[in-house]
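A.B. asks: Sequence plus the predicted model coming up.
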Amino acid sequence: MKKIDACENTNTLFLLLLVGIALCFGGYRIFSYLCEVPDFLQVRNFILAAVCAVMFIGGFLIACHAFRRLQYLRDHKEDEGREEDEK
């Protein structure tokens, strides 16, 4: 997450935002599949549930961090211009 905080490239941050959203959707798809399975108490389904949780939580954290950094860069664009003028 520290690399996201230091990133200045908005294209990279936007790509990370989309990846995070895609991971959340993938986790949701696995979860919806698990809700339809009649025999949940199989080892395969527990593994899928763990993958679902990791995908959803990881994707959500990546997307939130990238979105906050994009907002910060948008709001502080004027400050960067002032620093360049002073140098």
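C.D. replies: Right, received. Where do you want to start?

A.B. asks: drop to CA atoms for contacts and neighbour counts, all remaining ones
C.D. replies: Noted.

A.B. asks: which helices and strands does the strand or helix carrying Arg74 pack with?
C.D. replies: For Arg74, the element it lies in under DSSP states H and E is helix 43-75. For helix 43-75, the elements it packs on are helix 2-6, helix 10-36, judged by 3 or more Cα pairs under 8 Å, 6 or more residues apart in numbering; DSSP states H and E.

A.B. asks: hmm, 6 Å instead?
C.D. replies: helix 10-36 (3 or more Cα pairs under 6 Å, 6 or more residues apart in numbering; DSSP states H and E).

A.B. asks: What are the buried residues along the helix it packs on?
C.D. replies: Residues 13-14, 16-28, 30-31, 34 are the ones in helix 10-36 that count as buried (16 or more other Cα atoms under 10 Å).

A.B. asks: how far does it sit from the chain's center?
C.D. replies: Distance of helix 10-36 from its chain centroid, counting by Cα atoms, centre = their mean, to the nearest Å, is 8 Å.

A.B. asks: Measure how it sits relative to helix 43-75, angle-wise.
C.D. replies: Going by axes from the mean of the first three to the mean of the last three Cα atoms, to 10 degrees, helix 10-36 is angled at 150 degrees with respect to helix 43-75.

A.B. asks: Tell me the gap between the helix holding Arg74 and the middle of its chain.
C.D. replies: Centre-to-centre, helix 43-75 and its host chain are 4 Å apart (Cα atoms, centre = their mean).

A.B. asks: what's the weakest-modelled helix or strand in this structure?
C.D. replies: Lowest by mean pLDDT, DSSP states H and E among the helices and strands of the chain is helix 77-86, with a mean of 59.

A.B. asks: same question for stretch 22-32, mean pLDDT?
C.D. replies: Computed over stretch 22-32, the mean pLDDT rounds to 90.

A.B. asks: Equivalent analysis for stretch 44-63, please.
C.D. replies: If you average the pLDDT over stretch 44-63, you get 90.
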